[in-house]
Every structure is written in structure tokens, then in C-alpha cells.
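*Asks:* Here is a sequence together with a model predicted from it:
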Amino acid sequence: MALTPPTRLLLIRHAPSAVPGRLAGRLDVPCTLPGEPVLALARQRAAQLCPDARLISSPARRCLETARALHPGAEISENTSLWEQDFGAWEGLETTALPDLGPMNRVELAAHRPPGGESFLELAQRAQSALGSIQGRAIIVTHAGVIRAALGMALQDAAQGLAFEIAPFSATLLTAAGGEWSIGFVNLALAP
């Protein structure tokens, strides 16, 4: 009997936004890539962490730019389910201009929907469905919210994904075997 190899997902948050300090969920902004010496180290590290992997990306410009820089010439499969949370009326606001929601626990925060946008739980539902359908090895260039949703999937509690900080240009590893997800690491810097 042949055993199915485990699924290995290397989730990479895109490089820093070229428009820092603003909420950019669906706002399609470019990223600021590091220089070639840093990119070369990041390419090497990603290849070591998830060799022979296919490349999947959110269609967001900042993700596609990061994916192309990390894997020049590679075929990129875009998946619209891997977009960041839709922050609706809050899109493009400076983070200092966001409304004060008062004290909320993670469950309440995950269920909260910005005006005209989607809640984190709604993001988690679409992202977890997309990620759960991937078989084999994949490098996925996406957003902090999607990576938090993936961590919530591994913890079997979407709201708990909000407990994690996800740095730009960092990697998170999830592995699934026998239907159970495990977290290999979170927030590993791709390069110094």
C-alpha cells in the first residue's frame, strides 16, 4: 500500500507595502522588495524549506511582485481566495484613523465586519477552503490575514489565528498528514 506524502504549505507574506501605514486589504498596492543580495538568500531559503513545490499567489500586486522576485521565471498559479480581508470603508485609511472598537476578545474581533467589508471569519472560511484543497508541496505568497486563517485552521479554531503577528517577507510552514494540520514554524525571516 502506497502512502500519500504529506501536504507541505510554505506560506510567505508579501514584502512590505510601498504604501506603509495604511490599511490595504483589497487596495492593490505595490511592495518594496529588498535588494538582490537579500533576495538571493531568500530564494535559497525558500527552496530549502519547500523543495520541488508549485508556486501559488494571491492576485494582489504586492504578492505577485514578491512571488516573481523569489521565483524568477516560475509559473505562478493565482488564487482569488487568497486575497487579504476586505476592509470595506476602511480600505486605504491610515492606521491611526481607524475607529476604536473598544475591548474585544478574539472571537468578537474575528466576527466583526468593517462597514462594506468582510469579517475575519469570512476571510478564514474562503482561505481555509482554498488551502485545504491543496495537495503536495506548495509555496504560497499571500497576506497576513490569510496566514492567520491558515494557523487558525491548524488550531481548529479560526479566531485563534488572530493571536499571531505575521511579519512582512516571513515564512510560516504547515504540514498535513492524515487530515491533521501541524505548525512547523511561524514568522521565519526569509533573509536577514
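*Replies:* Nice, I can see it. What you see is a predicted model; the values in this text were computed from it and never measured.
*Asks:* avg pLDDT for the longest strand along the chain?
*Replies:* Looking across the chain with DSSP state E, the single longest strand is strand 180-189. Averaging pLDDT along strand 180-189 gives 96.
*Asks:* buried residues in it?
*Replies:* The neighbour-count check on strand 180-189 (16 or more other Cβ atoms under 10 Å) flags 181, 186 as buried. Bear in mind the C-beta positions are built from the backbone N, C-alpha and C, glycine included.
*Asks:* how much space is there between Thr80 and Asp86?
*Replies:* Counting by Cβ to Cβ, to the nearest Å, the separation of Thr80 from Asp86 is 12 Å.
*Asks:* So for those two, which residue has more residues nearby?
*Replies:* The neighbour comparison of Thr80 against Asp86 (other Cβ atoms under 10 Å) goes to Asp86, with 18 against 10.
*Asks:* how close does that one sit to Gly117?
*Replies:* Separation of Asp86 from Gly117 (Cβ to Cβ): 4 Å.
*Asks:* Common neighbours of these two, please.
*Replies:* Gly25 (Cβ atoms under 8 Å, 6 or more residues apart in numbering).
*Asks:* so who does the residue lying closest to Gly136 once chain neighbours are set aside touch?
*Replies:* Leaving aside its chain neighbours, Gly136 sits nearest to Thr7 (6.3 Å; criterion: Cβ to Cβ, 6 or more residues apart in numbering). Shown in contact with Thr7 (Cβ under 8 Å, 6+ apart): 134-138, 175-177.
*Asks:* and if you look at Leu64?
*Replies:* If you count contacts by Cβ under 8 Å, 6+ apart, Leu64 has them with 57-58, 76, 78, 141.
*Asks:* In strands only, show me those.
*Replies:* The members of the contacts of Leu64 that map onto strands under DSSP E are 57, 76, 78, 141.
*Asks:* Tell me the spacing between Arg22 and Phe87.
*Replies:* Applying Cβ to Cβ, the value for Arg22 to Phe87 is 10 Å.
*Asks:* Comparing those two, which shows the higher neighbour count?
*Replies:* Using other Cβ under 10 Å, the more surrounded residue of Arg22 and Phe87 is Phe87, with 22 against 16.
*Asks:* can you pull the contacts of that one?
*Replies:* Contact analysis of Phe87 by Cβ under 8 Å, 6+ apart lists 23, 25-26, 114, 117.
*Asks:* what's the helix or strand for Ala42?
*Replies:* Per DSSP states H and E: Ala42 is located in helix 36-49.
*Asks:* what's the offset of that helix from the middle of its chain?
*Replies:* On the basis of Cα atoms, centre = their mean, to the nearest Å, helix 36-49 is displaced by 18 Å from the centre of the chain it belongs to.
*Asks:* same question, stretch 165-174
*Replies:* On the basis of Cα atoms, centre = their mean, stretch 165-174 is displaced by 7 Å from the centre of the chain it belongs to.
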